[in-house]
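Asker: Fold the stuff below for me.
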Amino acid sequence: MYRSYLKLIRFVALRLTPIRRKLLTRVMFNIMRKAMPAMSQTEREALEAGDTWWDAELFTGNPDWKKLQDQPAPRLTDEEQAFIDGPVETLCAMLDDWDITYKRRDLPVEVWDFIKQNKFCGIIIPKHYGGLEFGEFAHSEIVMKIASRSTSAAVTVMVPNSLGPAKLLLAYGSEQQKDHYLPRLATGTEIPAFALTGPDAGSDAGAMPDTGILCYAEFAGKNQLGIRLNWEKRYITLGPVATVLGLAFKLYDPEHLLGDNEQLGITVALIPTDTAGVSIGKRHFPLDSAFQNGPNWGKDVFIPIDWVIGGVDQVGQGWKMLMQCLATGRAISLPALSVGAGKFVCRNSGGYSRVRKQFNLPIGAFEGIEEVLARMAGTTYLMDAARQITCAALDDGYKPSVISAIIKYQLTEGMRRIV
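Answerer: Got it, this is the predicted structure:
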């Protein structure tokens, strides 16, 4: 009887919020806080980047589902639809993925030329800089359609329009930088690559060993304030063919040329690949894919301070810049590619299951095959719905960093399961 009363008291006590917080929650919180490492500044900035959308409703405990249902479906403008029906359709007809992947190990010259001439690299760039200035849904639709024909071609189009020089320039670049680079990026005169990932640190910017030292040096016939850079990067998409690198590095000011602080933080600069000291390595072939990917490094490369994106005002703001821009880019690129691949696999697997016969029946009539095909189709439908609703939020001006991270992971994982 005593034990029963004791259990009842414990049950009632834990049902009372003030008592539960004091006896259980606070104790467990302190234990877990000691067990977990302290949050770094880069982690904090990553968590604080972007904003929330309808996903904030989930944390209220009583989400407003009508608010989600009332969200209008994303739509293409007439100009965007015409581009998909015209240049995108033509590009897809030019792509032979077997030839690209196993024979050429690259896109044909005529495909590269078509991509540049039709401004596929300028989807996100405003028209007054020579770009297409399409919405995020159109951007996603274009990448998805190309991915249904060739993953390598889709990656080639997707990277210049994702996190990289163009997006960073639009958000943080000086007017001089925008006027110089954006028209050239839109037409493919400049091929961009974003150099963040390293051999050891991966994409963890806080752990990268790449450094820049503020100093004065002779450049273009003048003694200028600039940065002496040393870096080594790997797995940089479009790196082997890039003409300009968006380089992330840690900047130091040991001589206090800009102030009292010696550790200025992560900084991003634009560096033409023909700059003295820049080296482009041999290509990688990740999973035998034919899109351009490879290492690069720099040894005692001096650049003027004006080459920092945004100039001296954006020194040390690189990680914040990357996190703010990433909330949009990661919600479009890989999710669109994953849905395109999923639709391609469903179409071909479903078609094959109708023409391939066993025991005088199409194999698609067998329950074991039906089950797998249904799972593939259902997963692809779910992925496409997630892609579209997220694009609707982006076109409404939101930058939902949590949702973008979730669909990037879930849709790429969904593609893996489908394949």
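
Asker: which residues of the stretch 151-300 of the chain score low on pLDDT?
Answerer: Judged by pLDDT under 70, the stretch 151-300 of the chain has no weakly predicted residues.

Asker: Do a quick rundown of the strands in it.
Answerer: 192-195, 211-219, 222-237, 244-252, 263-272, 278-280, 293-304 (DSSP state E, counting those that start in this stretch).

Asker: just how off-centre is the helix ranked longest in the chain within its chain?
Answerer: In the chain, assigned by DSSP state H, the helix with the most residues is helix 318-355. Averaging C-alpha positions (Cα atoms, centre = their mean, to the nearest Å) puts helix 318-355 11 Å from its chain's average.

Asker: Okay, domains of the chain per the record?
Answerer: According to automatic domain parsing, the chain comprises the domains 78-190, 193-316, 322-418.

Asker: can those go into TSV with extra columns for distance to residue 33?
Answerer: (Each C-beta comes from the backbone N, C-alpha and C, glycine too.) Shown next, in TSV, are the domains of the chain (distance: least, Cβ to Cβ, whole Å):
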stretch	distance to residue 33
domain 78-190	33
domain 193-316	21
domain 322-418	22
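
Asker: got TSV for those, with distance to residue 28 and mean neighbour count too?
Answerer: Formatted as TSV, the domains of the chain follow (distance: least, Cβ to Cβ, whole Å; neighbours: other Cβ atoms under 10 Å):
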stretch	distance to residue 28	mean neighbour count
domain 78-190	38	19
domain 193-316	28	18
domain 322-418	24	18
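
Asker: distance of the residue nearest the centre of the chain from residue 141?
Answerer: For the chain, the residue lying nearest the average C-alpha position, counting by Cα atoms, centre = their mean, turns out to be residue 330 (3.4 Å). Distance, residue 330 to residue 141, by Cβ to Cβ, to the nearest Å: 17 Å.

Asker: Ok, residue 67 next?
Answerer: From residue 67 to residue 141 the distance is 25 Å (Cβ to Cβ).

Asker: and what of residue 108?
Answerer: For residue 108, the distance to residue 141 - Cβ to Cβ - is 24 Å.

Asker: cool, and residue 333?
Answerer: The separation that residue 333 has from residue 141, given Cβ to Cβ, amounts to 13 Å.

Asker: now swap in residue 135 and tell me
Answerer: 10 Å.

Asker: so what sits against both of the two?
Answerer: 76, 80 (Cβ atoms under 8 Å, 6 or more residues apart in numbering).

Asker: what's the closest non-adjacent residue to residue 300?
Answerer: Nearest non-adjacent residue to residue 300, counting by Cβ to Cβ, 6 or more residues apart in numbering: residue 277, 5.6 Å away.

Asker: Next: residue 419.
Answerer: residue 345 (5.8 Å).

Asker: now do residue 177
Answerer: residue 169 (5.8 Å).

Asker: How about residue 242?
Answerer: Leaving aside its sequence neighbours, residue 242 sits nearest to residue 193 (Cβ to Cβ, 6+ apart; 3.6 Å).

Asker: Residue 95 is in contact with residue 147, isn't it?
Answerer: No. Contact between residue 95 and residue 147 fails when scored by Cβ atoms under 8 Å: they sit 10.5 Å apart.

Asker: State the distance from residue 235 to residue 203.
Answerer: 9 Å.

Asker: Give me the common contacts of those two.
Answerer: Common neighbours of residue 235 and residue 203 (criterion: Cβ under 8 Å, 6+ apart): residue 197.

Asker: What is the subsequent helix or strand relative to the one helix or strand residue 28 maps to?
Answerer: In the assignment (DSSP states H and E), residue 28 maps to helix 26-35. Downstream of helix 26-35, the next assigned helix or strand under DSSP H and E is helix 41-48.

Asker: by contact count, what packs against that following helix?
Answerer: helix 318-355 (3 or more Cβ pairs under 8 Å, 6 or more residues apart in numbering; DSSP states H and E).

Asker: and with 10 Å instead?
Answerer: strand 263-272, helix 318-355, helix 401-418 (3 or more Cβ pairs under 10 Å, 6 or more residues apart in numbering; DSSP states H and E).

Asker: right, and those - which one's nearest residue 123?
Answerer: helix 318-355 (9.8 Å; Cβ to Cβ).

Asker: For the closest one, give the mean pLDDT please.
Answerer: Averaging pLDDT along helix 318-355 gives 91.

Asker: got the angle between it and helix 401-418?
Answerer: 30 degrees (axes from the mean of the first three to the mean of the last three Cα atoms, to 10 degrees).

Asker: What angle do strand 244-252 and helix 318-355 make with each other?
Answerer: 140 degrees.

Asker: hang on, the earlier thing: quick check, the residue nearest to residue 177 in contact with residue 269.
Answerer: No. Using Cβ atoms under 10 Å, residue 169 is not in contact with residue 269, being 11.7 Å away.

Asker: quick revisit: what's near enough to touch the residue nearest to residue 177?
Answerer: Neighbouring residues of residue 169 by Cβ atoms under 10 Å, 6 or more residues apart in numbering: 125, 129, 177-178, 180-182, 185, 192, 246, 270, 309-310.

Asker: In TSV: these, plus distance to residue 32.
Answerer: Below are the contacts of residue 169 laid out as TSV (distance: Cβ to Cβ, whole Å):
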residue	distance to residue 32
125	46
129	49
177	45
178	46
180	51
181	47
182	47
185	46
192	43
246	38
270	43
309	39
310	39
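
Asker: Sort out for me which of the residues you listed are in helices.
Answerer: 177-178, 180-182, 185.

Asker: Starting from the longest helix of the chain, tell me the next helix or strand along the chain.
Answerer: By DSSP H and E, the next helix or strand past helix 318-355 is strand 357-358.

Asker: and the next helix or strand after that next one, what does it pack onto?
Answerer: Using DSSP H and E, the helix or strand that follows strand 357-358 towards the C-terminus is strand 361-362. Counting contacts by 3+ Cβ pairs under 10 Å, 6+ apart, strand 361-362 packs against helix 318-355.

Asker: what residues are up against the nearest residue to residue 207 once chain neighbours are set aside?
Answerer: In space, and not counting its chain neighbours, residue 207 is closest to residue 201: 4.0 Å by Cβ to Cβ, 6+ apart. Shown in contact with residue 201 (Cβ under 10 Å, 6+ apart): 207-210.
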